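In: the sequence isn't on hand, but the structure is:
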(Lines give C-alpha, C1' and ligand atoms only; values in the text may rest on other atoms or scores of the structure.)
Protein backbone atom coordinates (compact mmCIF):
# COMPACT_ATOMS: atom_id res chain seq x y z
CA UNK A 1 0.00 0.00 0.00
CA UNK A 2 1.17 3.51 -0.79
CA UNK A 3 1.09 5.93 2.11
CA UNK A 4 0.72 9.63 1.39
CA UNK A 5 1.17 12.24 4.11
CA UNK A 6 0.23 15.89 3.68
CA UNK A 7 1.97 18.21 6.12
CA UNK A 8 -0.54 20.90 7.09
CA UNK A 9 -0.73 23.92 9.34
CA UNK A 10 -3.66 26.32 9.63
CA UNK A 11 -5.41 24.68 6.64
CA UNK A 12 -2.35 25.22 4.45
CA UNK A 13 -0.21 22.46 3.00
CA UNK A 14 3.51 22.81 3.68
CA UNK A 15 4.62 19.67 1.88
CA UNK A 16 4.01 16.01 1.30
CA UNK A 17 5.61 12.58 1.51
CA UNK A 18 4.62 9.55 -0.55
CA UNK A 19 6.14 6.14 0.04
CA UNK A 20 5.84 2.47 -0.84
CA UNK A 21 4.33 0.74 -3.83
CA UNK A 22 0.58 0.42 -4.18
CA UNK A 23 0.63 -3.31 -4.91
CA UNK A 24 -2.42 -3.15 -7.16
CA UNK A 25 -0.65 -5.03 -9.98
CA UNK A 26 2.78 -6.19 -11.10
CA UNK A 27 5.55 -3.65 -11.64
CA UNK A 28 4.94 -1.80 -14.89
CA UNK A 29 1.25 -2.71 -14.85
CA UNK A 30 0.17 -0.93 -11.65
CA UNK A 31 -2.27 1.81 -12.66
CA UNK A 32 -2.69 3.02 -9.07
CA UNK A 33 1.05 3.48 -8.61
CA UNK A 34 1.28 5.17 -12.01
CA UNK A 35 -1.49 7.62 -11.14
CA UNK A 36 0.08 8.48 -7.78
CA UNK A 37 3.49 8.95 -9.40
CA UNK A 38 2.10 11.14 -12.16
CA UNK A 39 0.24 13.37 -9.69
CA UNK A 40 3.11 13.74 -7.24
CA UNK A 41 5.80 14.34 -9.85
CA UNK A 42 3.57 16.85 -11.65
CA UNK A 43 3.05 18.67 -8.36
CA UNK A 44 6.83 18.93 -7.87
CA UNK A 45 7.28 20.21 -11.44
CA UNK A 46 4.42 22.68 -10.95
CA UNK A 47 6.01 24.02 -7.79
CA UNK A 48 9.57 24.20 -9.10
CA UNK A 49 9.15 24.97 -12.80
CA UNK A 50 5.85 26.86 -12.98
CA UNK A 51 5.62 28.63 -9.63
CA UNK A 52 9.41 28.87 -9.29
CA UNK A 53 9.76 27.61 -5.72
CA UNK A 54 13.02 26.01 -4.61
CA UNK A 55 11.47 23.17 -2.65
CA UNK A 56 13.31 20.58 -0.62
CA UNK A 57 12.74 17.49 -2.76
CA UNK A 58 13.90 13.95 -2.06
CA UNK A 59 13.32 11.16 -4.57
CA UNK A 60 14.38 7.53 -4.29
CA UNK A 61 12.86 4.12 -5.00
CA UNK A 62 9.22 4.14 -3.89
CA UNK A 63 9.65 7.51 -2.13
CA UNK A 64 9.00 11.17 -2.94
CA UNK A 65 9.02 14.01 -0.44
CA UNK A 66 8.60 17.72 -1.07
CA UNK A 67 8.60 20.60 1.41
CA UNK A 68 8.02 24.28 0.77
CA UNK A 69 10.67 26.69 2.02
CA UNK A 70 9.62 29.04 4.80
CA UNK A 71 10.92 32.22 3.23
CA UNK A 72 8.72 32.76 0.18
CA UNK A 73 6.45 35.68 -0.65
CA UNK A 74 2.73 35.61 0.08
CA UNK A 75 1.95 35.51 -3.66
CA UNK A 76 4.24 32.53 -4.28
CA UNK A 77 2.83 30.81 -1.18
CA UNK A 78 -0.72 31.19 -2.55
CA UNK A 79 0.31 29.83 -5.95
CA UNK A 80 1.98 26.90 -4.20
CA UNK A 81 -1.22 26.20 -2.28
CA UNK A 82 -3.15 25.84 -5.55
CA UNK A 83 -0.68 23.18 -6.72
CA UNK A 84 -0.63 21.35 -3.38
CA UNK A 85 -4.41 21.44 -2.89
CA UNK A 86 -4.83 20.05 -6.39
CA UNK A 87 -2.42 17.23 -5.50
CA UNK A 88 -4.37 16.56 -2.29
CA UNK A 89 -7.70 16.40 -4.16
CA UNK A 90 -6.24 14.00 -6.72
CA UNK A 91 -4.68 11.72 -4.11
CA UNK A 92 -7.89 11.64 -2.07
CA UNK A 93 -9.89 10.77 -5.19
CA UNK A 94 -7.57 7.85 -5.94
CA UNK A 95 -7.76 6.71 -2.31
CA UNK A 96 -11.57 6.80 -2.46
CA UNK A 97 -11.55 4.51 -5.52
CA UNK A 98 -8.71 2.24 -4.32
CA UNK A 99 -8.77 2.31 -0.51
CA UNK A 100 -6.79 -0.92 -0.22
CA UNK A 101 -3.90 0.55 -2.21
CA UNK A 102 -3.57 4.21 -1.14
CA UNK A 103 -3.83 5.84 2.25
CA UNK A 104 -3.85 9.64 2.50
CA UNK A 105 -3.56 11.38 5.84
CA UNK A 106 -2.92 14.90 7.05
CA UNK A 107 -0.35 15.52 9.75
CA UNK A 108 -0.07 18.78 11.65
CA UNK A 109 3.25 20.46 10.99
CA UNK A 110 4.94 23.50 12.48
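Out: Now that the structure is in, tell me what you want to look at. Remember, predicted model here, so these are calculated numbers, not experimental data.

In: the strand or helix carrying residue 43: how far from the chain's middle?
Out: Using DSSP states H and E, residue 43 maps to helix 31-45. Mean-position distance between helix 31-45 and its chain equals 8 Å (Cα atoms, centre = their mean, to the nearest Å).

In: what mean pLDDT does the helix or strand following that helix have?
Out: Downstream of helix 31-45, the first helix or strand assigned by DSSP H and E is strand 56-60. What strand 56-60 shows for mean pLDDT is 96.

In: do stretch 31-39 as well
Out: pLDDT averaged over stretch 31-39 gives 96.

In: who are the packing partners of the lengthiest helix in the chain?
Out: For the chain, the longest helix by residue count, based on DSSP state H, is helix 74-97. Packed against helix 74-97 by the contact rule (3 or more Cβ pairs under 8 Å, 6 or more residues apart in numbering; DSSP states H and E) you find strand 2-9, strand 12-19, helix 31-45, strand 102-108. Placement of C-beta: from N, CA and C, glycine included.
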